[in-house]
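Engineer: Here is a sequence together with a model predicted from it:
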Amino acid sequence: MARPPAPLVAEVIAIGSEMLFAGRVDTNSSFIAAHLDRFGVPLVAKTIVGDDVATIRKALAIALTRSDFIFLTGGLGPTEDDLTREAASEALGLELVYHPKIVDEIEARFQRLGRKMPEINRRQGYVLETARALENNYGTAPGQYLVFEGRHIFLLPGPPRELRPIVERHLISLLQDLGLRPGARRYFRVAGLPESQADSLISPIYRRYPTIRCTILASPGDIEIYFLADHDGNELQELTAKVAAALGDNVFATEEINLEDAVGRMLAARRATLSVAESCTGGMLGETITRTPGSSAYFLGGVLAYSNALKEQLLDVSPEILAQHGAVSGAAAEAMAQGIRRRTGSDFALSITGIAGPDGGTEEKPVGTVFIGLSDATKTTAHRYQLGGERSLVRLLSVRTALNLLRKELQRNRS
Ligand code: ATP
Ligand code: MG
């Protein structure tokens, strides 16, 4: 009898010196792992390497000795520190071939933006001689795919929003072509819980189902949880129901949709409008909301009132509130939300005022103290949060928290 073929295994080499910095999370590997896992292909290693040809080359040489699928992510950009193409060429002994058509497409992309393509972008026209270029609809660098001595090798752009569609389009069809069948999958998208807390809520549950694999992808204020099983059976259904109960209203979707899009959908569905009043986030909340295509259907706009004077003039926050409670207070957050709602006539309004740091904290209101106001026709409330991390993280978490507050309100009152 023929021996069954050895199971296929994969590894990821995440490239980019910035990914080695404290606090930077390599989410690309987890994303790729979650997709492979669904087809029963385990990841045997993930390596993070800096922007250095010799280091990348060595990592790839090691990967070639043990993995059937090898993913290199990042370093496909146009600049001097984008070295993945060169390193792969050296490690595999393959030439880089210039494809004028790819550069034409990049040039056309720039032209559509009314800009001239910088000469350095020509570097992105080089493809390994036996590789196929994989179209990148969200950026300039195409991905690359080749089979080398029986190994399937992918070169993928680093930015997750560029990498993910390429993986979804090409990896899944490749795995299917290789005769692998996807197992069943369940997905939860969670906001308002730190990863550690989400995991401690659900790990006692999923540990009891050893045949079901769990992957958690966390970024600030946003967690994705995948459960993967060989088939869609009772166990998976049972587990999913228990996890849903444990996570409660922290779950905002069971499909791949981000928080701002989910909030937008809910507002659009009830034909409601939203405005915002921001202080410490400097416009980031409005920026985030308007990332969603079609947000003009529900988002009216907002006011960025950093100074007390503007909070009074543009948001009708009373001087008494500012004097008594301070600009970073529940009372100010409520007044800001109510002020912008009245001025714009929106159905809902969110406000953010807080201390992003590094200075300005006090014993009573340390750095990371943030008040978020929510106002609608029936009530105005403010919530106090203590957000961890340095300035940029406090600001980012403030935005995620504000969106999540509105999301919960909309989900509670589905009218
Ligand atoms: P670009 O054309 O944007 O330079 P690139 O393919 O060269 O693309 P990198 O320069 O390596 O990619 O990374 C660009 C950005 O993508 C990084 O600053 C980071 O924000 C994000 N990124 C890169 N690698 C990862 C990773 N493994 N996980 C999550 N994000 C990543
Ligand atoms: Mg780059």
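Structural biologist: Yep, that arrived. Numbering: from 1, shown residues only. Ligands and ions are numbered 1, 2, ... in the order given.

Engineer: Which stretches in the stretch 1-150 of the chain count as strands?
Structural biologist: With DSSP state E, counting those that start in this stretch as the criterion, the stretch 1-150 of the chain has strands at 10-15, 43-49, 69-73, 96-98, 126-128, 132-134, 143-148.

Engineer: Next, the spatially closest residue to residue 251 that is not a sequence neighbour: secondary structure please.
Structural biologist: Closest residue to residue 251 apart from its sequence neighbours, by CB to CB, 6 or more residues apart in numbering: residue 188 at 5.2 Å. (Glycine included, C-beta is placed from N, CA and C.) Here residue 188 is recorded as strand under DSSP: H, G, I helix; E, B strand; the rest coil.

Engineer: tell me the contacts of residue 188?
Structural biologist: Listed by CB atoms under 8 Å, 6 or more residues apart in numbering, the contact set of residue 188 reads 224-225, 243-244, 247, 251, 253-254.

Engineer: on that earlier part again, out of the strands of the stretch 1-150 of the chain, the one nearest ligand 1 is which?
Structural biologist: strand 10-15 (3.8 Å; CB to the nearest ligand atom).

Engineer: Quick one: distance of that closest one to the chain centre.
Structural biologist: 19 Å (CA atoms, centre = their mean, to the nearest Å).

Engineer: report the angle between the axes of it and strand 43-49?
Structural biologist: 10 degrees (axes from the mean of the first three to the mean of the last three CA atoms, to 10 degrees).

Engineer: circling back to that earlier point, hey, what's the residue nearest to residue 251 bridged with?
Structural biologist: Beta bridges link residue 188 to residue 225, judged by DSSP bridges.

Engineer: Ligand 2 contacts on the protein?
Structural biologist: Residues of the chain found near ligand 2 (CB under 5 Å from the ion) are 77, 82.

Engineer: Confidence-wise, which helix or strand of this protein is lowest on average?
Structural biologist: Lowest by mean pLDDT, DSSP states H and E among the helices and strands of the chain is strand 213-219, with a mean of 88.

Engineer: before we move on, back to that, please produce TSV containing the contacts of residue 188, extended by distance to ligand 1.
Structural biologist: Below are these laid out as TSV (distance: CB to the nearest ligand atom, whole Å):
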residue	distance to ligand 1
224	13
225	18
243	25
244	28
247	24
251	24
253	21
254	24
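
Engineer: Give me the contacts around the helix or strand hosting residue 382.
Structural biologist: Taking DSSP states H and E as the criterion, residue 382 maps to strand 380-386. By CB under 8 Å, 6+ apart, the residues outside strand 380-386 that reach it are 330-331, 333-334, 337-338, 341, 351, 354, 366, 368-375, 397-398, 401, 405.

Engineer: Parallel or antiparallel, which strands does it pair with?
Structural biologist: By DSSP bridges, strand 380-386 pairs with strand 369-375 (antiparallel).

Engineer: what about residue 37, how many neighbours?
Structural biologist: Residue 37 has 21 neighbours, counted by other CB atoms under 10 Å.

Engineer: State the three-state secondary structure for the closest residue to it other than its chain neighbours.
Structural biologist: Spatial nearest neighbour of residue 37, excluding adjacent residues (CB to CB, 6+ apart): residue 228 at 5.1 Å. Going by three-state DSSP, the secondary structure assigned to residue 228 is strand.

Engineer: Roughly how far does the residue nearest to residue 251 sit from ligand 2?
Structural biologist: Between residue 188 and ligand 2 the computed distance is 32 Å (CB to the ion, to the nearest Å).

Engineer: Smallest gap between the stretch 301-415 of the chain and ligand 2, at which residue?
Structural biologist: residue 392 (20.1 Å; CB to the ion).

Engineer: With the stretch 101-250 of the chain instead?
Structural biologist: residue 158 (6.0 Å).

Engineer: From residue 139, how far out is the closest residue to that residue other than its chain neighbours?
Structural biologist: Leaving aside its sequence neighbours, residue 158 sits nearest to residue 74 (CB to CB, 6+ apart; 3.1 Å). Between residue 74 and residue 139 the computed distance is 12 Å (CB to CB, to the nearest Å).

Engineer: One more: residue 242?
Structural biologist: According to CB to CB, residue 242 and residue 139 sit 40 Å apart.

Engineer: Can you pick out the residue with more neighbours from these two?
Structural biologist: Using other CB under 10 Å as the criterion, residue 242 and residue 139 rank with residue 139 on top: 19 against 16.

Engineer: you'd agree the more buried one is up against residue 159?
Structural biologist: Yes: between residue 139 and residue 159 there is a contact under CB atoms under 8 Å: 6.3 Å.

Engineer: Low-confidence regions, the chain specifically.
Structural biologist: 1-6, 415 (pLDDT under 70).
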